[in-house]
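**Q** all I have is the shape, not the residue letters:
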């Protein structure tokens, strides 16, 4: 009977302690698996007018860092902002589009510009909107102005050149 009690206590101990240790391992695994990509986004104002271009953040989804709330760029100058998307399973962002949308304005002109990272069988990056003032947009080395650029890099330089006539 004493042996059965010892075996029962040992089995009970293993059942109670093992899940606790497993939970600790799972917590550490979650901390290590932050799924995201970083972007250095540079806007350049190629306009020859006297008006600054103002880029004001309107909305975002599935982003850890959506950059500055507002960027003001004088003619001939450029400004950069950092973006970091969120592809974490526990935030319901896995394989969902990640995006930032801005209102771009200069003088009386205004339009909506959008950075989007999405998945449609492969990861793509695109700059959408403001077709009349986006002179060019490159994601890495590829033209992403209104075009999906495919690739799964965890870091990307994005350059958006704006020209207001």
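**A** Yep, it's here. If you're wondering where the values come from, they're calculated on a predicted model, not measured in any experiment.
**Q** residues touching residue 147, list them.
**A** Neighbouring residues of residue 147 by CB atoms under 8 Å, 6 or more residues apart in numbering: residue 126. Heads up, the C-betas are built off the backbone N, CA and C, glycines and all.
**Q** from what I can see residue 157 touches residue 40, true?
**A** Yes: counting by CB atoms under 8 Å, residue 157 does reach residue 40; the two are 5.0 Å apart.
**Q** run through the protein and note the low-pLDDT ranges.
**A** The model of the chain has pLDDT under 70 over residues 1-34.
**Q** show me where it has its helices.
**A** Listed in chain order, the helices of the chain (DSSP state H) span 2-32.
**Q** distance between the top strand by length along the chain and the chain's centre?
**A** Taking DSSP state E as the criterion, the chain has its longest strand at strand 109-119. Relative to the mean C-alpha coordinate of its chain, strand 109-119 is positioned 13 Å out (CA atoms, centre = their mean, to the nearest Å).
**Q** could you pull up the residues touching the nearest residue to residue 103 once chain neighbours are set aside?
**A** The shortest distance from residue 103 to any non-neighbouring residue, by CB to CB, 6 or more residues apart in numbering, is to residue 56 (4.9 Å). Residue 56 makes contacts with 69-71, 102-103, 105, as judged by CB under 8 Å, 6+ apart.
**Q** cool, and residue 86?
**A** Residue 86 neighbours (CB under 8 Å, 6+ apart): 35-36, 62-64, 93, 98.
**Q** tell me, how many residues neighbour residue 141?
**A** 7 (other CB atoms under 10 Å).
**Q** and it, what does it touch?
**A** No contacts exist for residue 141 under CB under 8 Å, 6+ apart.
**Q** and it, how far is that from residue 149?
**A** Relative to residue 149, residue 141 is positioned 9 Å away (CB to CB, to the nearest Å).
**Q** what's the nearest residue to residue 71 if we skip its chain neighbours?
**A** Residue 71 sits nearest to residue 55 (CB to CB, 6+ apart), 4.3 Å away.
**Q** hmm, residue 70 and that neighbour touching each other?
**A** Yes: using CB under 8 Å, residue 55 is in contact with residue 70, at 7.0 Å.
**Q** which residue, other than its chain neighbours, is closest to residue 132?
**A** residue 111 (7.2 Å).
**Q** more neighbours: which of residue 55 and residue 70?
**A** Legend: neighbour count by other CB under 10 Å for residue 55 and residue 70, higher for residue 55 (25 against 11).
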